[in-house]
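Undergrad: what follows is a predicted structure for the sequence shown.
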Amino acid sequence: MREVVIAAIFIQDELLVGQRESEPFKGYWECPGGKVEGDEDLIEALVREIQEEGKVKVDHASAMFDYEVMTPDGPLHLTWFYTTLCDEFDPTIYDHMKTIKKEEVDALAWIPHNRPYLEKLKTFFPIQT
């Protein structure tokens with residue numbers, strides 16, 4: 001089973017999301033992240049993925065929740081991290097990036113294997129000010 005890390009990056013009370021520019025799942029929305037490689041631990045993989053996808057360093061990351069899913073490429077174990085960055089995210093792999101409020105989460109076309117866990121994700125949004 002492949003390990004995958006996902007960064008929930010909150011900017012004030014909004015979540016940073018990106019629209020995929022490549023297959024699989026071109027056009028779907030997701031939070032940045034990716035597959036663990038080699039002997040990396042989960043945090044090392046998260047730091048590398050955010051550097052690759054956003055040209056920015058991770059300031060802090062703490063595990064939020066995890067789950068297993070079956071995808072067209074096989075089973076994955078996904079771990080979501082509440083992530084803060086040292087600077088702004090500068091996307092390298094997304095067609096579009098935006099921040100969304102908690103009430104906008106359900107309106108996006110999320111990658112199918114993330115949809116069942118959106119309610120759980122919404123519990124981590126900061127209280128709106």
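TA: In hand now; what should we look at?

Undergrad: pull out the buried positions in the longest helix along the chain.
TA: Secondary structure assigned by DSSP state H gives helix 42-54 as the longest helix of the chain. By neighbour count with 16 or more other Cβ atoms under 10 Å, helix 42-54 contains the buried residues 42, 45-50, 53-54. In this view, the C-beta of every residue, glycine as well, is placed from N, C-alpha and C.

Undergrad: please state the offset of stretch 4-16 from the chain centre?
TA: 7 Å (Cα atoms, centre = their mean, to the nearest Å).

Undergrad: pull the longest strand from the protein.
TA: For the chain, the longest strand by residue count, based on DSSP state E, is strand 58-71.

Undergrad: what packs against the helix or strand that comes right after it?
TA: Counting by DSSP states H and E, the next helix or strand C-terminal to strand 58-71 is strand 74-85. Applying 3 or more Cβ pairs under 8 Å, 6 or more residues apart in numbering; DSSP states H and E, one finds that strand 74-85 contacts strand 2-11, helix 42-54, strand 58-71.

Undergrad: buried sites along the longest one?
TA: Same thing as strand 58-71. Those would be 58, 61, 64-66, 69, for strand 58-71 by 16+ other Cβ under 10 Å.

Undergrad: how about the residues you listed in CSV, adding distance to Glu3 and pLDDT?
TA: Formatted as CSV, those follow (distance: Cβ to Cβ, whole Å; pLDDT from 0 to 100):
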residue, distance to Glu3, pLDDT
Val58, 17, 98
Ala61, 15, 98
Met64, 15, 97
Phe65, 15, 96
Asp66, 9, 96
Val69, 12, 92
